[in-house]
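*Asks:* Just to be clear, the model below is a prediction. Sequence and coordinates:
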Amino acid sequence: MVKDLENARAVVTGASSGIGAGIARAFGEAGASVVVNYHSDQDGAEEVVKDIRSAGAEAVAVQADVSQPDDCAKLFEAAEKHFGGVDILISNAGIQQDAAFTELSLKDWQQVIDLNLTGQFLCAQEAVRRFRAQGHDPDRSPALGKIILMSSVHQAIPWAGHVNYASAKGGVKALMESLAQEVACEKIRVNAIAPGAIKTDINREAWEDKEGREEMLKLIPYGRIGETEDIARAAVWLASDASDYVIGTTLFVDGGMMLYPSFREGG
């Protein structure tokens, strides 16, 4: 296997399950040392750490609530302590708290915004500070550091009944592009990945149910629901030096969902 991230040091938030776990494992297989962040699922995080170590890379599980500045700092302190620094941030942690608009509580609105948007801001802010403090080592990478935010097709596609989630992801788009514009001159590469429908626990009821799966597939021109490995492979490439000239871009990994397939027959 080609070690596209050999000697790289990464922080992956929300990495105890789902997309984050898939990315953390893929990073380990690609040669990176990984801080595996979790909020409450320590067992899941330790399993991911075990898999990364089995692949021949280093990993450590670190509990943190990334909506809190001090907890974000803990992740980068762990990278410094165990790996000597950090080169890559994958800001993936997120939740859904769904409700019809007039039934959506302020608590559920705020919780989603705090984690899905503010958490990405806080982690990216800490990453930029750490990259600057470390300084540029061109023998390690052409970039001073790399930040990948986790967005969604719903940064562009409205989603009734999920206003808090769609609002957060729209904010992630603007955050990523504005940050990329600001720090690209320092050789800090900032990009985002926008998954479409991916098989994770958060939507298990839909893709395990035959009727729900058929409805979901109507939205995906490529004819299959995505796997966490689809996102993980994209993340490895976007974090590697193979994508060194990619700045301020959202990479949609969605099986064509952004093509609005309902218009396939003429609208």
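*Replies:* That came through fine. Numbering: from 1, shown residues only.
*Asks:* buried stuff in the helix ranked longest in the chain?
*Replies:* In the chain, with assignment by DSSP state H, the single longest helix is helix 163-183. Buried residues in helix 163-183, counted by 16 or more other C-beta atoms under 10 Å: 163-173, 175-177, 179-180, 183. Placement of C-beta: from N, CA and C, glycine included.
*Asks:* ok, residues contacting it?
*Replies:* 94, 96-98, 101, 104, 108-109, 112-113, 116-117, 120-121, 124, 128, 147, 149-152, 154-159, 189-192, 194, 247-248, 250 (C-beta atoms under 8 Å, 6 or more residues apart in numbering).
*Asks:* Now, of the residues you listed, which are buried?
*Replies:* Buried among the contacts of helix 163-183 by 16+ other C-beta under 10 Å: 94, 97, 104, 108-109, 112-113, 116-117, 120-121, 124, 128, 147, 149-152, 154-157, 189-192, 194, 247, 250.
*Asks:* Inside helices: which ones of those?
*Replies:* Those of the buried ones among the contacts of helix 163-183 lying in helices (DSSP H): D108, W109, V112, I113, Q120, F121, A124, V128.
*Asks:* What is the most widely separated pair among the residues you listed?
*Replies:* The distance between the two most remote of those (C-beta to C-beta) is 30.0 Å, for D108 and V128.
*Asks:* ok, for A30, nearest residue in space, not its chain neighbours?
*Replies:* Once flanking residues are discounted, A30 sits nearest to L5: 4.0 Å by C-beta to C-beta, 6 or more residues apart in numbering.
*Asks:* Make sure the one you found is indeed in a helix.
*Replies:* No. L5: not assigned to a helix; according to DSSP: H, G, I helix; E, B strand; the rest coil it is coil.
*Asks:* Distance of it relative to V48?
*Replies:* L5 sits 16 Å away from V48, taking C-beta to C-beta, to the nearest Å as the criterion.
*Asks:* Check E80 too.
*Replies:* E80 is 20 Å from V48, by C-beta to C-beta.
*Asks:* Next: G256.
*Replies:* 30 Å.
*Asks:* Show me which of those two is the more surrounded one.
*Replies:* Taking neighbours as other C-beta atoms under 10 Å, G256 and V48 compare with V48 leading, 27 against 15.
*Asks:* Show me what counts as buried in the helix or strand that one falls within.
*Replies:* Secondary-structure assignment from DSSP states H and E places V48 in helix 42-54. Under the neighbour-count criterion of 16+ other C-beta under 10 Å, helix 42-54 has G44, A45, E46, E47, V48, V49, D51, I52 buried.
*Asks:* so what does it touch, helix or strand wise?
*Replies:* In terms of contacts (3 or more C-beta pairs under 8 Å, 6 or more residues apart in numbering; DSSP states H and E), helix 42-54 is packed against helix 18-29, strand 33-38, strand 59-63.
*Asks:* any idea which strand is longest in the protein?
*Replies:* strand 188-195 (DSSP state E).
*Asks:* mind checking how far the closest residue to G28 other than its chain neighbours is from I247?
*Replies:* Of all residues not flanking G28 in the chain, I52 sits nearest, at 3.2 Å (C-beta to C-beta, 6+ apart). From I52 across to I247, the span is 28 Å (C-beta to C-beta).
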